[in-house]
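Colleague: next come a sequence and a model predicted from it.
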2 protein chains.
Amino acid sequence: MPMGEFDLIKRYFDRPELRAGPVMSLGIGDDCATLDIPQGCQLAVSSDTLLAGTHFFADMKAHQIAHRCLAASVSDLAAMGATPAWFNLCLTLPHADPEWLADFSQGLATQAQACGISLAGGDTTKGPLSISIHVMGWAPTGAALTRSGANIGDAILVSGSLGDSAAGLQLMQTNRQAQGYLAQRYWQPTPRLALGQWLRHKASACVDVSDGLVQDLGHILKASACGADLQLEQLPLSAALVEQVAKAQAQDYAASGGEDFELCFTLPQAHLASALTYAQDSAVPITMIGTIGGELGCRIWHSDGAEYKPQSGYQHF
Amino acid sequence: MPMGEFDLIKRYFDRPELRAGPVMSLGIGDDCATLDIPQGCQLAVSSDTLLAGTHFFADMKAHQIAHRCLAASVSDLAAMGATPAWFNLCLTLPHADPEWLADFSQGLATQAQACGISLAGGDTTKGPLSISIHVMGWAPTGAALTRSGANIGDAILVSGSLGDSAAGLQLMQTNRQAQGYLAQRYWQPTPRLALGQWLRHKASACVDVSDGLVQDLGHILKASACGADLQLEQLPLSAALVEQVAKAQAQDYAASGGEDFELCFTLPQAHLASALTYAQDSAVPITMIGTIGGELGCRIWHSDGAEYKPQSGYQHF
C-alpha cells in the first residue's frame, strides 16, 4: 500500500527533533499553524525555492540536500539580524522513498537544531524534486538589518572566508562523494545567526552572500545609493581554498562565487574595534575588505593599484 | 537581453496592486520582509505547492492559474478564522515570458485585492512550472478555529455548494476555454474569509474542503475523536451542477470531489440559529448536513435509510 501524505508527514516530519525552536500554540496538523511573536518584536520572513539540478545535485545524499536547503533559507534571517523561530517546508518528490525520506528528515532535524528553529507546517506533493522553504523569525521592532543604510566612510566587512562553496561545488560536480572542507562548505553552510543578531543597532547595512560578493554587495550599494572600493588582497580565503586552486582562481571564486552564506555588512567606523573584538571572542572571523564611497558602483583593486574586473554573479534567469 | 530575476520582480510583482493588505514596515527587496502582528493576536501561517499538470493545467490562462493558487492558499486562513495579511510567492517558471507574467501578475493582483492580502516577498527560479505560496494572517490569541474541538451533538455544516469544482475540472479537462459557473468554480474559488472570521468563538471545529468533504471532515473527526452521520440529500448542490450531471454523479462529486474551498464546520446547537441568520444576511449559504456522534467514522445516509459509500478523496502520493 502506498504511503499517503498524512502518514508521510506523521512519520518523517512530525518529530520532536524538528521542534527545536520556540513553542508553537498549534504546529503541524491543522489548516494553519498558529504562532506567537514576542511583544515588541517584528516578524521577519523569507522564502526560497531550491530545485534539483539547479540548486543542488539530485543524487546528493538526502541529508545533505536537507542541510543545504534549510541553511540557505535560514541565512536570510541571519542577514536581517533576526532570531530564527519557525519554518514551513514544501517538499515535492518524484516518489515517497522511505530510505530517502528518513535520511532527509535526519539532516533537516540536525540543521533545525543547530539553528533553533521548528517545523511549523508545509506541503508534500508528487513531482520533480524541489524544495521551497519559508523561514520565520523575529527581531525587536526597528532593529532588523536592511540593505539600505550604508553611509560614505563605513567599513565593509565579511564574515568567514569566501569562495569555498564555489570550489566545493566544482569538486562535487565530478565526485558526489567528495569529502573535506570545501565540499562541506558547499553542502553544509553555516548561517551566521549569532553575528547577525550581534550586529543589530551596529551595522548600517547587511546581506548574506548567496549570489556572489559583488552581486550581493551591489544590492546594498543600490539600496543605499553609494559605491564601494574593495581590496582584492583583503578578500578572506581559506587555507583549503588556496591549497586547492591557483590564487587568481581563488580570488575569482571569492569575488563572484555564490552560496558561501557569509554575511557582508557595512559598519560605521565607531563600531569597527568592537566588531573585531567580537570576532576574536566568538571565533567567527570578520575581515574588513573595503570602504563605502560616494562614487556609485563597486570597484575592486589589486594591491598594485590596477583595477580587478570580476566575473558576473549568479543569474536566476 | 534576457530579463534578470530582479527586473522580473520589479516589473511584475513590486506593484501597488499587490499591496492590498496591512502596511509592511519592509516588503519586497531585502533578505526578509519585516511585518507587524497586532498586539493580542497570533500569527496563522500555511504553505501550499501547486504543480502544473497536477494541481492546475499548464495551458490554463496565467491569470486563472494565479487566481486559483492564491485562493486555494488563502482558504487555509479562512478555515482558521484568520484575517489575511501577507503572502510570499515562490514561482518556478520554464522561461520568463513577459505576456504570461503580465497576465499572471494581473490575476494575482485581482485575487489579492479580493482577499485584502499583500505580497511580502518570495523567490523566482527557472524550472518546471510550479507555485508555492506561504500565506500569513492573524487571529486574536486563542480564537483560531482548529480541527480538534468538535463535540457529540454538534451540528455539521458547510458553506456554499459542493462538487462544483470537480465538475468544472471535468469540463476544463476537455476544453480549457470552458466558461460558465462550474468552470469558474474550478479556477476561481472563493475563500470563505468573512464566514471564517464570523465563526470565531462559535464553531467548535473547522476545515476547508480541499481534498473532498469526506476526507476533510475526516480530519475533524480524527482530531476530535468522534464520528459523524451525514444525510446525502442534504449535501448542497448548485443548480448548475444538477443541470450538468446526473444526480448520483452530483452527489458523488459533493461527497468526494475536492477543491470547492467551502468551509465545513461543527457548531454547538446553541449557535445554530444565529449562523443561519448570518447566512441569510451575508448571502453566503450555509447548510446543515449532519450531526457529530460518538461512534467513530463518517457515515452518510440515503433518505431511505440505506448507507451511501463514498469514493476516496484526493491522494497526494
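Modeller: Received the coordinates, thanks.

Colleague: distance check, the closest residue to residue A:164 other than its chain neighbours against residue B:162.
Modeller: Leaving aside its sequence neighbours, residue A:164 sits nearest to residue A:185 (C-beta to C-beta, 6 or more residues apart in numbering or on different chains; 3.8 Å). The C-beta positions use only the backbone N, C-alpha and C, and glycine is treated the same way. Taking C-beta to C-beta, to the nearest Å as the measure, residue A:185 falls 53 Å from residue B:162.

Colleague: also residue A:52?
Modeller: Residue A:52 is 37 Å from residue B:162, by C-beta to C-beta.

Colleague: more neighbours, these two?
Modeller: residue B:162 (28 against 18; other C-beta atoms under 10 Å in any protein chain shown).

Colleague: for the helix or strand that contains residue A:106, name the packing helices and strands.
Modeller: Under the criterion of DSSP states H and E, residue A:106 resides in helix A:98-115. The contact analysis (3 or more C-beta pairs under 8 Å, 6 or more residues apart in numbering or on different chains; DSSP states H and E) places helix A:98-115 against helix A:5-12, helix A:62-79, strand A:83-93, strand A:118-126.

Colleague: take these and write them to TSV, including distance to residue A:207 and mean pLDDT.
Modeller: Output for the helices and strands packed on helix A:98-115, formatted as TSV (distance: least, C-beta to C-beta, whole Å; pLDDT from 0 to 100):
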stretch	distance to residue A:207	mean pLDDT
helix A:5-12	33	84
helix A:62-79	5	97
strand A:83-93	17	97
strand A:118-126	26	95
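
Colleague: between those, which gets nearest to residue B:225?
Modeller: Proximity to residue B:225 (C-beta to C-beta) singles out helix A:5-12 among those, at 16.3 Å.

Colleague: buried set for that closest one?
Modeller: A:5, A:6, A:8, A:9, A:12 (16 or more other C-beta atoms under 10 Å in any protein chain shown).

Colleague: that helix and chain B, are they touching?
Modeller: Yes - judged by C-beta under 8 Å from any C-beta of the partner chain, helix A:5-12 and chain B are in contact via A:5, A:8.

Colleague: same for the helix or strand following that helix, what does it pack against?
Modeller: Going down the chain from helix A:5-12, the next helix or strand is strand A:33-35, by DSSP H and E. Strand A:33-35 sits against strand A:83-93, strand A:118-126, strand B:41-51, with contacts defined as 3+ C-beta pairs under 8 Å, 6+ apart.

Colleague: got the residues of the stretch 101-250 of chain A near chain B?
Modeller: A:120-128, A:130, A:132, A:134, A:136-137, A:139, A:141, A:144, A:146-148, A:206-208, A:223.

Colleague: which phi and psi values does the closest residue to residue A:293 other than its chain neighbours adopt?
Modeller: Excluding the flanking residues, the one nearest residue A:293 by C-beta to C-beta, 6+ apart is residue A:227, at 4.9 Å. Per-residue torsions, residue A:227: phi -130, psi 180 (degrees, to the nearest 10).

Colleague: does residue A:227 touch residue A:290 like I think?
Modeller: No - with contact defined as C-beta atoms under 8 Å, residue A:227 does not count as touching residue A:290 (10.1 Å).

Colleague: these two: which has the busier surroundings?
Modeller: residue A:290 (23 against 17).

Colleague: what pLDDT is listed against that one?
Modeller: Reading off the confidence values, residue A:290 has pLDDT 98.

Colleague: tell me which residues touch it, please.
Modeller: Residues counted as contacts of residue A:290 (C-beta atoms under 8 Å, 6 or more residues apart in numbering or on different chains) are A:155, A:156, A:228, A:229, A:230, A:231, A:234, A:300.

Colleague: in strands only, show me these.
Modeller: A:155, A:156, A:228, A:229, A:230, A:231, A:300 (DSSP state E).

Colleague: buried among these? Make that a ChimeraX selection.
Modeller: Buried members of those, defined by 16+ other C-beta under 10 Å, are picked up in ChimeraX with:
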select /A:155,156,228,229,230,231,300
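
Colleague: tell me which of the ones in strands among the contacts of residue A:290 is nearest to residue B:296?
Modeller: residue A:156 (63.8 Å).

Colleague: now the strands for the stretch 151-300 of chain A?
Modeller: Using DSSP state E, counting those that start in this stretch, the strands found in the stretch 151-300 of chain A span residues A:155-159, A:205-208, A:227-231, A:263-267, A:286-293, A:297-301.

Colleague: residue A:21 is nearest to which of those?
Modeller: That would be strand A:205-208 among the strands of the stretch 151-300 of chain A, by C-beta to C-beta, at 19.6 Å.

Colleague: need the CA coordinates for that closest one. CSV is fine.
Modeller: Extracted C-alpha coordinates of strand A:205-208, given in CSV (Å, rounded to 0.1, in the frame of the first residue of the first chain):
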residue,chain,number,x,y,z
ALA,A,205,23.5,47.5,6.2
CYS,A,206,23.8,43.7,5.8
VAL,A,207,23.3,41.0,3.2
ASP,A,208,24.2,37.3,3.0
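
Colleague: that strand pairs with which strands, and in what direction?
Modeller: Strand A:205-208 sits in its sheet next to strand A:263-267 (antiparallel), going by DSSP bridges.

Colleague: can I see the domain layout of chain A?
Modeller: A:5-140, A:155-308 (automatic domain parsing).

Colleague: endpoints of the first one, how far apart?
Modeller: Meaning domain A:5-140. 37 Å (C-alpha to C-alpha, to the nearest Å).

Colleague: now that domain, how far from the centre of its chain.
Modeller: Relative to its parent chain, domain A:5-140 has a centroid offset of 14 Å by C-alpha atoms, centre = their mean, to the nearest Å.

Colleague: what's the helix-or-strand element of chain A with minimal mean pLDDT packed up against?
Modeller: Ranking every helix and strand in chain A by mean pLDDT, DSSP states H and E puts helix A:5-12 at the bottom, with a mean of 84. Under the contact criterion of 3+ C-beta pairs under 8 Å, 6+ apart, helix A:5-12 touches helix A:98-115, strand A:118-126.

Colleague: low-scoring stretches of chain A, by residue?
Modeller: A:1-3, A:313-317 (pLDDT under 70).

Colleague: all helices for the stretch 101-250 of chain A, in order.
Modeller: Using DSSP state H, counting those that start in this stretch, the helices assigned to the stretch 101-250 of chain A run over residues A:164-174, A:181-187, A:193-198, A:213-224, A:239-244, A:247-256.

Colleague: tabulate these (JSON lines), appending mean neighbour count.
Modeller: What follows is the helices of the stretch 101-250 of chain A, written out as JSON lines (neighbours: other C-beta atoms under 10 Å in any protein chain shown):
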{"stretch": "helix A:164-174", "mean neighbour count": "21"}
{"stretch": "helix A:181-187", "mean neighbour count": "23"}
{"stretch": "helix A:193-198", "mean neighbour count": "21"}
{"stretch": "helix A:213-224", "mean neighbour count": "22"}
{"stretch": "helix A:239-244", "mean neighbour count": "16"}
{"stretch": "helix A:247-256", "mean neighbour count": "21"}
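
Colleague: how about CSV for those, with distance to residue B:311 added?
Modeller: Below are these laid out as CSV (distance: least, C-beta to C-beta, whole Å):
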stretch, distance to residue B:311
helix A:164-174, 47
helix A:181-187, 44
helix A:193-198, 48
helix A:213-224, 52
helix A:239-244, 59
helix A:247-256, 55
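
Colleague: for residue A:19, find the nearest of those helices.
Modeller: Per C-beta to C-beta, nearest to residue A:19 of these: helix A:193-198, 17.8 Å.

Colleague: who's in contact with that closest one?
Modeller: Counting by C-beta under 8 Å, 6+ apart, A:74, A:77-84, A:115, A:139, A:145, A:159, A:206, A:263, A:278, A:282, A:284, A:286 sit against helix A:193-198.

Colleague: was I right to think residue A:112 contacts residue A:120?
Modeller: No - assessed by C-beta under 8 Å, residue A:112 is found out of contact with residue A:120, at 11.0 Å.
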